[in-house]
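Asks: structure, please.
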Amino acid sequence: PPIKTEARFVSLAPETIGLKVDGEREPGSLINPHPVFTWAFYDNEGDPQTASQIEVGDDPAWVNTPVWTHEMTGTRTEAEYDGLQLERGTTYYIRVRVHDGFNFGDWAENQFRMNTIPPPPMPSEPENGALVTSDEAQPPVVIENCVDADGDKISYRFEAYYDEEMTRRKKVGGRHASPG
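Replies: Numbers count the residues shown, from 1 in each chain. Now for the predicted structure:
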């Protein structure tokens, strides 16, 4: 009787390793409106990366449609965000998966937050917009510190002008940081 043999080829899925946002594994708050996403490719069988899929969304469960989807072919392991403007004060989630010519691996995930612009400090002395005439070399300036929504320290730079048209500037204070 003839002998039957059967061979099955099973390819293991590749892995996306070390997904970073702007070079950081834990990026925190970003000010860059076009973050760069990088990762490393690993395939247990030595197959090269042939494609990748990248998604950025505002929903950690990925129920909502991603705000940006990007697909690439080849071995490139870096992509710059070029979608719609990212909203300040919003946490975004990124996921990347890679293909080895046979199948996609699991998603690797990370997250980042777009930094919120802090409010301006509130002057309490002199009154906001008040014209100060003084013989003192440096009239007192008192402000109420703001609280940054992201918990960052806030720096201030103070300027004074010699004239009402505000054309002759005199720097009266350096950088002052709020607690944070």
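Asks: alpha carbons only for contacts and neighbour counts from here, please
Replies: Fine.
Asks: just give me the residue right at the centre of the protein.
Replies: Residue closest to the average C-alpha location in the chain (C-alpha atoms, centre = their mean): L30, at 3.3 Å.
Asks: how much space between the residue in the chain sticking out farthest from the centre and T73?
Replies: The outermost residue of the chain, judged against the average C-alpha position, is P1 (67.6 Å), by C-alpha atoms, centre = their mean. Separation of P1 from T73 (C-alpha to C-alpha, to the nearest Å): 49 Å.
Asks: one step back: grab the nearest non-local neighbour of the residue nearest to the centre of the chain.
Replies: M114 (4.9 Å; C-alpha to C-alpha, 6 or more residues apart in numbering).
Asks: any regions of the protein where pLDDT drops low?
Replies: Where the chain drops to pLDDT under 70, the residues are 128-129, 134-139, 158, 160, 162, 170-180.
Asks: can you rerun that using 80?
Replies: 1, 7-10, 121-143, 152, 154-180 (pLDDT under 80).
Asks: please enumerate the strands of it.
Replies: Here the chain has its strands, by DSSP state E, at 15-21, 29-30, 36-42, 51-57, 68-73, 78-80, 91-99, 108-114, 122-125, 142-144, 155-161, 169-177.
Asks: export those to JSON lines and tack on distance to V132?
Replies: JSON lines is the format used below for those (distance: least, C-alpha to C-alpha, whole Å):
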{"stretch": "strand 15-21", "distance to V132": "48"}
{"stretch": "strand 29-30", "distance to V132": "39"}
{"stretch": "strand 36-42", "distance to V132": "48"}
{"stretch": "strand 51-57", "distance to V132": "50"}
{"stretch": "strand 68-73", "distance to V132": "51"}
{"stretch": "strand 78-80", "distance to V132": "49"}
{"stretch": "strand 91-99", "distance to V132": "43"}
{"stretch": "strand 108-114", "distance to V132": "39"}
{"stretch": "strand 122-125", "distance to V132": "10"}
{"stretch": "strand 142-144", "distance to V132": "13"}
{"stretch": "strand 155-161", "distance to V132": "10"}
{"stretch": "strand 169-177", "distance to V132": "13"}
